[in-house]
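Participant: 3D, please:
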Amino acid sequence: MSEVQAELGLPTHQLITESPTRWGSRQRMIERFLEQEKALVRVLGSDKKSRHLVPTWQDLDVLESINKAVKPLQEFTDALSGESYVSVSYIKPVLHLFKTSLLQPEEEDAELTKTIKGKIMRYLDDKYSDPVKDELLDMSSLVDPRFRTTYIDPDKVEPVKKRAVAEMMSLPAPANNSTPQQPGTAVQVRQEDAQPPPKKKMTLAAFFKKNPVSSPNQSEAEKIETELKSFLLTPEVDPDTNPLEWWKRHQPNFPRLSVLAKKYLSIPATSAPSERVFSVGGGIVTCHRACLKPEVVDRLVFLAKNV
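Facilitator: Coordinates of the predicted model:
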């Protein structure tokens, strides 16, 4: 096989076998097969025993149709399976991109490709049609400074805002993070108090400065609504911005909303992180380690994932 690959100028890649536990393995297997199709035809056709395995043009048409429909989704599934960044708020934008672009049938698509795209889109619509899931995705999109209400159904924007206000009311009040005073600061202030600073000379601009008007006493709900409105009016954020870092910097400006944002943005978009933990546990608890106590297994899994 390697000799034929070198002769045909193909990459010296090995074939990939589908794994039942990995969604994208079938697409990668098909893509690698199409990449090495010429080499496979020559190798299989050179032996009478394997000549019947040479793919026909119908087989290749089917594989190409499947690959064209599924390949664009591969990168998104890999990205949504990450655990070192916020992913749950990406689901709504990704579904919108699928519906308006990637899974839209094209004129040059084969009928099989169009059928596959349509079935995938119907499956996704059905999967995320559950009201509970939809509410969670809307809330996670709302508190993400990159998206906010962009990908929320216009008819649902106001109900989502009201739900956010109600949920912030039920959350514990944010702690007042006052900066601890250094030991020498108080002494320094007392010394400065003893000697008042020199009086600054009045300028013309000083006569036009308006004293800050103290806002009337607002109820807790009104304060939260004002905070949410202010957040939605902030400038747009670059798509590459880490929303958790953004909330860390802007927590003093939105103390209540930041608590809600951390609650939703910490949710993983898929079950891939937990599946990785189970895979690690399967490698630790083997037939040679069947007597490990549960607490020891927990510690070993924790160390394997965090060290």
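Participant: which helices and strands sit right next to the regular element (helix or strand) spanning Met139?
Facilitator: Take DSSP states H and E as the rule and Met139 turns out to sit in helix 131-142. Secondary-structure packing of helix 131-142 (3 or more Cβ pairs under 8 Å, 6 or more residues apart in numbering; DSSP states H and E): helix 91-97, helix 157-170, helix 255-265. C-betas here are computed from N, CA, C, even on glycine.
Participant: tell me the most buried of these?
Facilitator: Highest mean neighbour count of the helices and strands packed on helix 131-142: helix 255-265, a mean of 20 (counted as mean count of other Cβ atoms under 10 Å).
Participant: against which helices or strands is the helix or strand just after that one packed?
Facilitator: Under the assignment DSSP H and E, the closest C-terminal helix or strand after helix 255-265 is helix 272-284. If contacts are counted by 3+ Cβ pairs under 8 Å, 6+ apart, helix 272-284 sits against helix 294-306.
Participant: re earlier: how far off helix 157-170 does the helix holding Met139 point, in degrees?
Facilitator: Inter-element angle recorded for helix 131-142 and helix 157-170: 80 degrees (by axes from the mean of the first three to the mean of the last three Cα atoms, to 10 degrees).
Participant: how about helix 131-142: buried residues?
Facilitator: By 16 or more other Cβ atoms under 10 Å, the buried positions in helix 131-142 come out as Asp134, Leu136, Leu137, Asp138, Met139, Ser140, Ser141, Leu142.
Participant: returning to that earlier point: closest one to Val301 among the helices and strands packed on helix 131-142?
Facilitator: helix 255-265 (24.9 Å; Cβ to Cβ).
Participant: tell me the angle of the closest one relative to helix 157-170?
Facilitator: Using the same axes, to 10 degrees: helix 255-265 against helix 157-170 is 110 degrees.
Participant: for helix 255-265, packing partners?
Facilitator: helix 131-142, helix 157-170, helix 220-232, helix 243-250.
Participant: how far does the third one sit from the chain's center?
Facilitator: Taking Cα atoms, centre = their mean, to the nearest Å, one finds the center of helix 220-232 at 26 Å from the center of the full chain.
Participant: go on, the shortest one?
Facilitator: Relative to the mean C-alpha coordinate of its chain, helix 243-250 is positioned 16 Å out (Cα atoms, centre = their mean).
Participant: how much space is there between Glu107 and Ile224?
Facilitator: Applying Cβ to Cβ, to the nearest Å, the value for Glu107 to Ile224 is 50 Å.
Participant: ok, those two, which is more surrounded?
Facilitator: Ile224 (22 against 5; other Cβ atoms under 10 Å).
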